[in-house]
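Participant: for reference, the sequence and a predicted model appear below.
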Amino acid sequence: MADKKKKIFTLKQDSTPRRPVILRSDRDASKDQSKEKPEKEKQPTIILKTREQSAPKEDRPQSPKTIKTSSSEQESIHPCKIAQNENKEKKNIEHKPSPPLKFMTEPVKLLDENLELNPAALEFLHDSSTNYLVVGIIGTQGVGKSMILNLIANNVHDQNLCTQILNSHELPSDNTFESNDMPALENQLEALDIAGASEPKVPEKNDGLFKFKMQDIEQIERGVHCTKGIDMYITNDRVILLDCQALWSPSLIEESNTTITARSANVVTVDCLQIASYLMAICHVLIAVQDWFTDYNFLRYIQAAEMLKPSLSASNTVSSSQEGSESTGGGESHPHLLLLHNRCQLEDFTPESLTIMQDLYRKAFQKSNLQLNSGMYMYSDTNKNGLNVDSVCKGYNVETCGTPINLFLLPEIYDDFDNREIYRGHPPFEQLAKRLRWMILGVNRHQITNVPNLSEKGWFHYCSKAWETMRKCTFFMEYERFLP
């Protein structure tokens with residue numbers, strides 16, 4: 001107290017600066033009070049420092065983009081989000097010239113014999129191509145799956161097409177001759193022309209029209225399947241054709257295990273179900289081929305593959321910009337299912353039988369999400385499409401056959417196919433093959449995934465993730481337990 005009084009007396013001596021000195025003392029006191037609470041005021045400064053450290057990121061101020069990128073990083077494992085940042089990478093590569101497209105001369109394996117993805121197929125896919133069509137096919141052994149894909153891949157359909165199909169089962173002429181038949185040896189020597197090297201190349205060009213290998217007479221007699229895994233061929237029109245191995249083939253059971261047990265058939269059945277579900281997930285169009293009407297077990301097989309197929313969509317909603325997609329609820333896109341009957345007879349082309357077929361398939365796939373009304377019809381429907389196809393199938397209309405569905409018939413090819421005087425009951429095979437190819441290439445190309453403008457390479461990466469999901473899915477394992 002004595003010190004304070006002394007200070008007051010000293011201030012009284014200076015009359016003018018009393019109040020400023022008092023104000024200074026108040027400020028000093030406030031500074032002392034602020035020193036007593038340094039820790040409490042450090043918290044807001046620390047928060048500001050963390051914001052300054054995160055500020056140099058360019059995308060930080062834009063909140064919508066950060067939300068999208070963070071969610072895509074969390075869901076990058078999902079098959080539908082594998083190409084989420086594809087558009088960002090394209091912006092950086094736009095200035096670089098794109099490499100030329102690699103055209104295929106023969107099919108490559110998408111899934112090999114051990115049902116493993118082949119990374120070599122990526123070389124024939126382009127990063128900037130987004131206008132492509134994926135067509136897959138399923139069916140039992142010997143129904144003509146490879147032949148139908150050859151019809152789609154071939155641009156020219158003339159009368160030579162039937163002769164090539166009839167001669168496709170013959171063995172190649174390069175086989176060594178092991179018997180002692182001298183006339184046959186003389187014929188082989190006469191066929192050799194050392195001087196003219198251009199003549200032996202003619203059959204090679206004719207055989208080159210068919211890209212997928214079909215069964216020869218030896219494989220038919222032995223009952224061996226021709227295709228193993230999934231073969232992929234890309235046409236010049238960027239149509240990706242996928243040839244599947246035969247379903248329920250006994251030769252697959254023989255190759256899978258050395259010792260055949262009761263479980264071997266169930267393992268092959270589940271593997272084929274996984275392949276069928278896999279094609280439903282990665283294709284725009286799925287062709288189901290039969291060679292007689294109709295195998296009810298085959299229809300149940302398609303329904304089981306659709307039931308066991310896991311959901312591969314990352315989001316539960318579909319963007320409203322997808323005007324042409326005919327996907328169902330849950331954001332899952334489903335392929336166009338084309339029911340194709342091969343080797344049809346005369347009675348199969350009558351309007352009555354066609355009506356029975358369509359009614360059966362319409363009831364069988366009544367609760368299915370597969371698209372059966374995609375415009376791939378045998379005849380025109382004036383209510384849905386105004387396409388004039390009466391020049392091909394003149395005897396069919398909506399009044400006699402009912403509303404059409406995705407159903408197509410291909411006739412049996414006989415040796416006297418070029419005899420036009422015989423009543424066939426159907427248009428020529430060449431016109432029907434041309435009509436089939438025109439319908440498939442003109443189908444609506446919906447988005448396979450939720451990623452817009454997915455390129456061919458992005459589709460391949462999606463295929464790899466989808467196959468991993470199929471192999472690890474527990475639905476197929478549980479289904480195998482209930483098999484007899």
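Facilitator: Now that the structure is in, tell me what you want to look at. Numbering: from 1, shown residues only.
Participant: could you use CA atoms for every contact and neighbour count after this?
Facilitator: Will do.
Participant: tell me where the model's unsure across this protein.
Facilitator: Within the chain, the segments meeting pLDDT under 70 span 1-101, 171-208, 256-259, 313-331, 382-391.
Participant: just the strands from it, written as ranges.
Facilitator: Taking DSSP state E as the criterion, the chain contains strands spanning 108-111, 133-139, 230-234, 239-244, 285-290, 336-344, 407-411.
Participant: using a markdown table, lay out these together with distance to K367 and mean neighbour count.
Facilitator: Shown next, in a markdown table, are the strands of the chain (distance: least, Cα to Cα, whole Å; neighbours: other Cα atoms under 10 Å):
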| stretch | distance to K367 | mean neighbour count |
| --- | --- | --- |
| strand 108-111 | 31 | 22 |
| strand 133-139 | 21 | 24 |
| strand 230-234 | 29 | 23 |
| strand 239-244 | 25 | 24 |
| strand 285-290 | 18 | 24 |
| strand 336-344 | 14 | 21 |
| strand 407-411 | 18 | 22 |
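Participant: any chance of these in TSV, plus distance to L151?
Facilitator: Below are the strands of the chain laid out as TSV (distance: least, Cα to Cα, whole Å):
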stretch	distance to L151
strand 108-111	18
strand 133-139	13
strand 230-234	13
strand 239-244	11
strand 285-290	13
strand 336-344	12
strand 407-411	11
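Participant: closest one to S146 among those?
Facilitator: The minimum distance between S146 and the strands of the chain falls on strand 239-244, with 6.5 Å, by Cα to Cα.
Participant: and the closest one, what other elements does it pack with?
Facilitator: The criterion is 3 or more Cα pairs under 8 Å, 6 or more residues apart in numbering; DSSP states H and E, and the helices and strands that strand 239-244 contacts are strand 133-139, helix 145-153, strand 230-234.
Participant: who touches the longest one?
Facilitator: With contacts defined as Cα atoms under 8 Å, 6 or more residues apart in numbering, helix 145-153 is touched by 137-139, 165, 209-214, 235, 241, 243-244, 289, 433, 436-437.
Participant: let's see it at 6 Å
Facilitator: 210, 212, 214, 437 (Cα atoms under 6 Å, 6 or more residues apart in numbering).
Participant: who wins on neighbours among the residues you listed?
Facilitator: When neighbours are taken as other Cα atoms under 10 Å, the top entry among those is F212 (25 neighbours).
Participant: for that one, which non-adjacent residue is spatially closest?
Facilitator: S146 (5.6 Å; Cα to Cα, 6 or more residues apart in numbering).
Participant: likewise for V392?
Facilitator: Closest residue in space to V392, ignoring its immediate chain neighbours: P427 at 6.6 Å, by Cα to Cα, 6+ apart.
Participant: and the helices and strands packed on strand 239-244 as CSV, adding distance to H126?
Facilitator: Shown next, in CSV, are those (distance: least, Cα to Cα, whole Å):
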stretch, distance to H126
strand 133-139, 13
helix 145-153, 19
strand 230-234, 11
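Participant: can you tell which of the ones you listed is closest to E221?
Facilitator: helix 145-153 (17.9 Å).
Participant: just the C-alpha atoms of the closest one, please, in PDB.
Facilitator: Extracted C-alpha coordinates of helix 145-153, given in PDB (Å, rounded to 0.1, in the frame of the first residue of the first chain):
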ATOM      1  CA  LYS A 145     -22.800 -70.800 -81.000                       C
ATOM      2  CA  SER A 146     -19.600 -70.100 -82.900                       C
ATOM      3  CA  MET A 147     -21.400 -70.300 -86.200                       C
ATOM      4  CA  ILE A 148     -23.900 -67.600 -85.200                       C
ATOM      5  CA  LEU A 149     -21.100 -65.300 -84.000                       C
ATOM      6  CA  ASN A 150     -19.400 -65.800 -87.400                       C
ATOM      7  CA  LEU A 151     -22.600 -64.600 -89.100                       C
ATOM      8  CA  ILE A 152     -22.600 -61.500 -87.000                       C
ATOM      9  CA  ALA A 153     -18.900 -60.800 -87.700                       C
END
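Participant: hmm, back to that, relative to N167, how far out is the residue nearest to V392?
Facilitator: 22 Å (Cα to Cα, to the nearest Å).
Participant: so which of the two has more stuff around it?
Facilitator: Set P427 next to N167 and count neighbours by other Cα under 10 Å: P427 wins out with 15 against 12.
Participant: what separation do you get for that one and R435?
Facilitator: 11 Å.
Participant: one more: N155?
Facilitator: For N155, the distance to R435 equals 12 Å [Cα to Cα].
Participant: in terms of neighbours, single out the busier of these two.
Facilitator: For N155 versus R435, neighbours defined as other Cα under 10 Å are more numerous around R435 (19 against 12).
Participant: now do the residue lying closest to M357 once chain neighbours are set aside against C272, distance only.
Facilitator: Leaving out its chain neighbours, the residue that sits closest to M357 by Cα to Cα, 6+ apart is F293, at 8.0 Å. Here the criterion is Cα to Cα. By it, F293 lies 22 Å from C272.
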